[in-house]
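*Asks:* Turn this into a structure:
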Amino acid sequence: MSQDASSMQQMANAIRALTMDAVQAANIGHPGMPMGMADVATVLYSDYLKFDPADPAWPDRDRFVLSAGHGSMLIYALLHLTGYEQPTMDDIRNFRQLGSPCAGHPENFLIDGVECTTGPLGQGLAMGVGMAIAERHLNAKFGDDVINHRTWVMAGDGCLMEGINHEAIGLAGHLKLGNLIVLWDDNNVTIDGSVDLSSSEDVLARYQATNWHTVSCDGHDPASIRAAIEEAIADPRPSIVACKTIIGKGSPNKQGTSGVHGAPLGEEEVAAARIELGWDYPPFEVPEKIMADWRALGERGNKANAAWKAALEASGKQADLANQLMSVADLAAPALEAYISGLAKDPPKVASRKASEMALTPLTEKLPQLIGGSADLTGSNNTKTKFTDPLTAENYGGRYLYYGIREFGMAAAMNGMMLHGGVVPYGGTFLIFSDYARNAIRLSALQKAGVVYVMTHDSIGLGEDGPTHQPVEQVMSLRLIPNLNVYRPADAIETAECWALALQTPGTPSVIALSRQNLPPVRGEGDEAWSALSNRCAKGAYRLKAAEAGRKVVLLATGSEVAVALDTAAALEAQGIGADVVSMPCQELFNMQDAAYKADIIPADVLVVSIEAGVTQGWERYTGVAGLNIGLDRFGASAPAAQLFEHFGFSAEKIVPQILEKLN
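*Replies:* Residues are numbered from 1 along each chain as shown. Have a look, this model is predicted:
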């Protein structure tokens, strides 16, 4: 539905006007990118993007990702102009103000039509890779008549410079994701000034080397933009379109300079830009004719959605698609009932990473939404089951991704897959490498994307690889991230329970920290008829063993140290000192319990002792300053695991004397 050149120019100028007005009113923001890419965005929405403002969750809509999230006024203007319920013009007037959904960077949980939260540069593009993977997988399963759409990413120089870009485009090129098209705002300007201050690489050559199709266009000439996009659509590889633009186009004195990148134009320059653009309208006002042209695009999308629904009904695949799009929250625990009940009859001594693989077997058998993967550590993370064939360029219907050594790229791709819908991704790496992925894990939490991170080799218990690979501060530091559940299970049954819980929170991501070394069973008795209602990990902490003598001590422990706590309690009981053992697999869930439950589990009249093979900072919240914190406030060492636990004091023989000293 191409508009005539004059109409296209006016439509693009509406984006420019709303951008400069909103940024000026807020007295902060980034007008340059939206003003520079307004022409590209207008062509995209007019001629290519498949969307329906009346149904933002349409499963077969195109995904549009503004990776250069600092240019947020671009997406806010587009959503308003095309007829989405939000943002309203009042929302735009209050850009970057408290209570307005028009935040400084786009937030997917504030406005429908914002597919993902962007701003940390490079991650939007990497999430776009995940969305494209999800689309290809669902297309392989349901066919072109049900799922067949594109992912469009608008990215700037910063997105392409960030290290995650290397990881993301390598994965996309390897998987031949021809449904992914990146529109690069090639304006040669960063905040510091000209790009050549910091970079001299041939960007398109780098993309070509990773099996991408590349093409360039004049980002202010609709015909040139269309020709480039048509070429990108025709190529079976992922494509990047280098859109040569002038940053801040329309600002007569600041366009093309870094001065328009991240600051308001100023009242005088806004007035001059109005003259330059021929925009003779008051701030925050879009003429009826121009608004009608934009709204017509939304109405066209509504008709396309209706046609899709009719085709879906005719295909007979409605029920199957609905099942695929269904949340697994209510399905995970039932999928594990028989498995856990069977475990309880003969609890095994296995590493919790192996226990995770055992739990994943019935989960991946019964939940087709699950797509696993690992950052080149499949055999160590134990993330693949017999029900998950590889997802490759030759088989998008597979359910296991070999991400390569790309922890950050993997985490961001999983976010994109989860936000796309229809799949629930989990991915593995060593816990120590969570630091490589940390900003994407943080974005999982911020975006309410319930992906599952399988982080193995969770302590000094990994042994001989030494302190470079032994997590010390990682578990506690991950607990600092809001809306992230960090699980550290003690045995096979707890591991399965933690998997059930992780899949029950689609709006909260999870980290499951798992051991390399074998762990003795601490559960089994009473679990023979397990169900979701009997999940003891569900409250985050529970009394695993009650004191036999008069209770004087409560031992709090996680993961591999729960067995140490049981040994310690036995030694104390032998001396007439009653000791509870509390397993605390998830602090976040325990923190959500009511005061009565917390007081019952951690009473005020006893010595509270924490035992965890990691930093002690943070445990004072539960032990109090008068308590005792057994941990590791230093880096580890290279030696067999058993020797390290003894050397660093994680044994009943080393812990009991410290408790006796405290009691006396």
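*Asks:* all helices of the stretch 51-200 of the chain, in order?
*Replies:* 72-82, 89-93, 123-142, 157-161, 163-174 (DSSP state H, counting those that start in this stretch).
*Asks:* Who are the packing partners of the last one?
*Replies:* Under the contact definition 3 or more Cβ pairs under 8 Å, 6 or more residues apart in numbering; DSSP states H and E, helix 163-174 sits against helix 123-142, helix 203-209, helix 407-420. In this view, the C-beta of every residue, glycine as well, is placed from N, C-alpha and C.
*Asks:* In it, which residues are buried?
*Replies:* Residues of helix 163-174 classed as buried by neighbour count (16 or more other Cβ atoms under 10 Å): 164, 165, 166, 167, 168, 169, 170, 171, 172, 173, 174.
*Asks:* tally of neighbours for residue 525?
*Replies:* 8 (other Cβ atoms under 10 Å).
*Asks:* Also the one 3 residues further on?
*Replies:* Applying other Cβ under 10 Å, we find 12 residues neighbouring residue 528.
*Asks:* wait, it sits on residue 346?
*Replies:* No: in this structure, residue 528 is not within contact of residue 346 by Cβ atoms under 8 Å, at 10.5 Å.
*Asks:* burial of the closest residue to residue 577 other than its chain neighbours, as a residue count?
*Replies:* Nearest non-adjacent residue to residue 577, counting by Cβ to Cβ, 6 or more residues apart in numbering: residue 552, 5.3 Å away. If you count neighbours by other Cβ under 10 Å, residue 552 ends up with 17.
*Asks:* cool, and residue 189?
*Replies:* 26.
*Asks:* got a list of what the closest residue in space to it that isn't next to it in sequence touches?
*Replies:* Closest residue to residue 189 apart from its sequence neighbours, by Cβ to Cβ, 6+ apart: residue 247 at 4.7 Å. With contacts defined as Cβ atoms under 8 Å, 6 or more residues apart in numbering, residue 247 is in contact with 32, 33, 35, 36, 185, 187, 189, 255, 256, 257, 260, 261.
*Asks:* can you do 6 Å?
*Replies:* Residue 247 sits next to 32, 36, 187, 189, 260 when contact means Cβ atoms under 6 Å, 6 or more residues apart in numbering.
*Asks:* List the contacts of the first one.
*Replies:* With contacts defined as Cβ under 6 Å, 6+ apart, the neighbours of residue 32 are 247, 248, 260, 261.
*Asks:* ok, of these, which come out buried?
*Replies:* Buried, going by 16+ other Cβ under 10 Å: 247, 248, 260, 261, out of these.
*Asks:* What is the most widely separated pair among those residues?
*Replies:* Across the buried ones among the contacts of residue 32, the longest distance by Cβ to Cβ is 7.7 Å; it joins 248 and 261.
*Asks:* Output the longest helix belonging to this protein.
*Replies:* Criterion DSSP state H: the longest helix present in the chain is helix 288-315.
*Asks:* Which of the helices and strands packed on helix 163-174 sits closest to residue 317?
*Replies:* helix 123-142 (5.8 Å).
*Asks:* check which helix or strand covers the residue nearest to residue 189.
*Replies:* Assignment of secondary structure by DSSP states H and E places residue 247 within no helix or strand.
*Asks:* Sweet, I'm off.
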